[in-house]
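In: test case, fold it:
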Amino acid sequence: MSAVKPTIKRRESTKIYVGNVPVGGDAPIAVQSMTNTRTTDVDATVAQIKALERVGADIVRVSVPTMDAAEAFKLIKQQVNVPLVADIHFDYRIALKVAEYGVDCLRINPGNIGREDRIRAVVDCARDKNIPIRIGINAGSLEKDIQEKYGEPTPQALLESALRHVDILDRLNFDQFKVSVKASDVF
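Out: Now for the predicted structure:
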């Protein structure tokens, strides 16, 4: 039997590390999943992460919407081996807290993380602790000015949001990031 040749040519990108897992560059595609438990339910979240580890997940994302969830994240991180991404919404200070607890990657949502000074605080912390950032663009939570400009979450609106935040990280001289864009509707 002959080896199957890849049919997709990957775009050149910078390799970053989420924990010990390389992402981008010439790294193999990493499998990431996300928990759907309440993060403050430490036992249920740990059980779900371990189940994901058993079936081959390389990276697991966990929602961290509150400071209570950040405290739970600390306990969760101590009990699992797979790299964890903290999904941060609204309060940039939660990102700073989970950085203290050994998070492997920070996911920030440009539509709700707030002003550029808050992004700068997260970037400065991430740089100091060698933590990559995932810029997670979501059609359901675009920045207000982009929503007003486009009227709905069009592909162009999603792209503008992504490029705006890539530019912010570039201006802050931070290159340890990845970008994701998601929309539930097909345009």
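In: residue contacts, residue 25?
Out: Counting by Cβ atoms under 8 Å, 6 or more residues apart in numbering, residue 25 touches 12-15. Every residue, glycine included, has its C-beta placed from N, CA and C.
In: who's in contact with stretch 150-161?
Out: 110-111, 137, 139-140, 142-143, 146-147, 149, 181, 183, 185, 187.
In: can you rerun that using 7 Å?
Out: For stretch 150-161, contacts defined as Cβ atoms under 7 Å, 6 or more residues apart in numbering pick out 110, 137, 139, 142-143, 146, 181, 183, 187.
In: give the buried residues for it.
Out: If you call a residue buried by 16 or more other Cβ atoms under 10 Å, then stretch 150-161 has these buried ones: 150, 153-154, 157-158, 160-161.
In: stretch 120-130 too?
Out: Applying 16+ other Cβ under 10 Å to stretch 120-130 flags 120-123, 125-126 as buried.
In: can you tell me the centre-most residue of the protein?
Out: Against the mean C-alpha coordinate of the chain, by Cα atoms, centre = their mean, the closest residue is residue 107 at 2.8 Å.
In: now that residue. Nearest residue, chain neighbours left out?
Out: Among residues not flanking residue 107 along the chain, residue 134 sits closest, at 4.2 Å (Cβ to Cβ, 6 or more residues apart in numbering).
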